[in-house]
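J.: sequence unknown, structure follows:
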Ligand SMILES: NC(=O)c1ccc[n+]([C@@H]2O[C@H](COP(=O)([O-])OP(=O)(O)OC[C@H]3O[C@@H](n4cnc5c(N)ncnc54)[C@H](OP(=O)(O)O)[C@@H]3O)[C@@H](O)[C@H]2O)c1
């Protein structure tokens, strides 16, 4: 980011909520930035690269010029980056959107890749939440009136209804949901609300090469028919996926409305999790094996 942009970052108006959105250059993050700006929020859009920063700024020149949008570089797995951006921008709301789905059969994923998935999807979001909560803790110990603060975690309906070949991604979102639920209780006395937006399938570029990735097994484990079926089912369903704009509007509501619900569901299939909890595990397993042609259990 250049000096001019840095100056703009420092001179943002501070009257309304300042909302930091991670992964702001793409799909749901980008739509959330637009919806938040439409609702009058001051937004800090975080991205990983200079090209992405330039695109985000160019698409919203008037908001940047008005000091309502600043762009920061942030790799959410980098603790120093997180500390620097949080200290500099002092957001009142953090939208943990950044993420990338690690697909494939559970045993095809090596330890490093699994660890990286948990870093991006769980540790990064918690680190940013902790930073927001620390400010509230300091305010309380200084006797300052506590501000309203909020953490919005973008999760997935796969957390409660994992499809075949999404095991590690679903595990990471499930872990995020669990820590969100605990944090919600722990942070409430500090005036920090922790809410989850549980997305069903959303039509984004993240789906473009998903079928190819799933189709690529590392060993012949007998799941080839299932992998092909995964691709067929997801491309058949894709026209029904939600628009990122619809999700962005819900994210803005959850970030800005008074008293948002703890969990908001949006997007294709986002309510499946509620129903699947009522189905006994052996029946869920049978359904999964049948629909995805994974063969009979031995
Ligand atoms: N699409 C869906 O169907 C769906 C469904 C449920 C939940 N979600 C969740 O919604 C969120 C956004 O998804 P999307 O579909 O909009 O994905 P996307 O288009 O792939 O965008 C992901 C964004 O996250 C950023 N990102 C990835 N790893 C990062 C890291 N380590 N540090 C900082 N930024 C990072 C990417 O930056 P780069 O451009 O630099 O890579 C990009 O800006 C994710 O958390 C995803 O799991 C999506």
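T.: Received it, and whenever you're ready, just let me know what you need. Here the structure is a predicted model, which means the values were calculated and not measured. Residues are numbered from 1 along each chain as shown.
J.: now find how far off-centre stretch 100-111 is within its chain.
T.: Centre-to-centre, stretch 100-111 and its host chain are 18 Å apart (Cα atoms, centre = their mean, to the nearest Å).
J.: where's residue 132, which helix or strand?
T.: helix 124-142 (DSSP states H and E).
J.: just the mean pLDDT for that helix, thanks.
T.: Helix 124-142 comes out with an average pLDDT of 95.
J.: and that helix, what's buried?
T.: Going by neighbour count (16 or more other Cβ atoms under 10 Å), the buried part of helix 124-142 is 124, 125, 126, 127, 128, 129, 131, 132, 133, 135, 136, 139. All C-beta spots, glycine's among them, are computed from the backbone N, C-alpha and C.
J.: what's the neighbour count on residue 18?
T.: 20 (other Cβ atoms under 10 Å).
J.: my error: substitute residue 19 in the last question.
T.: Neighbour tally, residue 19, other Cβ under 10 Å: 27.
J.: and what of residue 166?
T.: 23.
J.: does stretch 78-97 reach the ligand?
T.: Yes: Stretch 78-97 reaches the ligand (Cβ under 6 Å from any ligand atom) through residue 97.
J.: quick one: average confidence on that stretch?
T.: Here the average pLDDT along stretch 78-97 is 98.
J.: any buried residues in that stretch, and which?
T.: Buried residues in stretch 78-97 (16+ other Cβ under 10 Å): 78, 81-82, 85-86, 89-97.
J.: now swap in stretch 113-122 and tell me
T.: Buried residues in stretch 113-122 (16+ other Cβ under 10 Å): 114, 116, 117, 118, 120, 121, 122.
J.: please apply the same query to stretch 223-242.
T.: Applying 16+ other Cβ under 10 Å to stretch 223-242 flags 223, 226, 227, 229, 230, 231, 233, 234, 241, 242 as buried.
J.: over to stretch 17-32?
T.: 17-32.
J.: what's the closest of the buried residues of helix 124-142 to the ligand?
T.: The ligand lies nearest to residue 124 out of the buried residues of helix 124-142, by Cβ to the nearest ligand atom, at 6.4 Å.
J.: in the chain, mark out all the helices, start to finish.
T.: Assigned by DSSP state H, the chain shows helices spanning 3-10, 27-38, 50-58, 61-65, 79-89, 111-118, 124-142, 167-187, 210-215, 224-237, 244-256, 272-276, 281-291.
J.: possible to save these as JSON lines with distance to residue 159?
T.: Below are these laid out as JSON lines (distance: least, Cβ to Cβ, whole Å):
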{"stretch": "helix 3-10", "distance to residue 159": "34"}
{"stretch": "helix 27-38", "distance to residue 159": "16"}
{"stretch": "helix 50-58", "distance to residue 159": "27"}
{"stretch": "helix 61-65", "distance to residue 159": "33"}
{"stretch": "helix 79-89", "distance to residue 159": "23"}
{"stretch": "helix 111-118", "distance to residue 159": "13"}
{"stretch": "helix 124-142", "distance to residue 159": "13"}
{"stretch": "helix 167-187", "distance to residue 159": "4"}
{"stretch": "helix 210-215", "distance to residue 159": "17"}
{"stretch": "helix 224-237", "distance to residue 159": "18"}
{"stretch": "helix 244-256", "distance to residue 159": "16"}
{"stretch": "helix 272-276", "distance to residue 159": "7"}
{"stretch": "helix 281-291", "distance to residue 159": "15"}
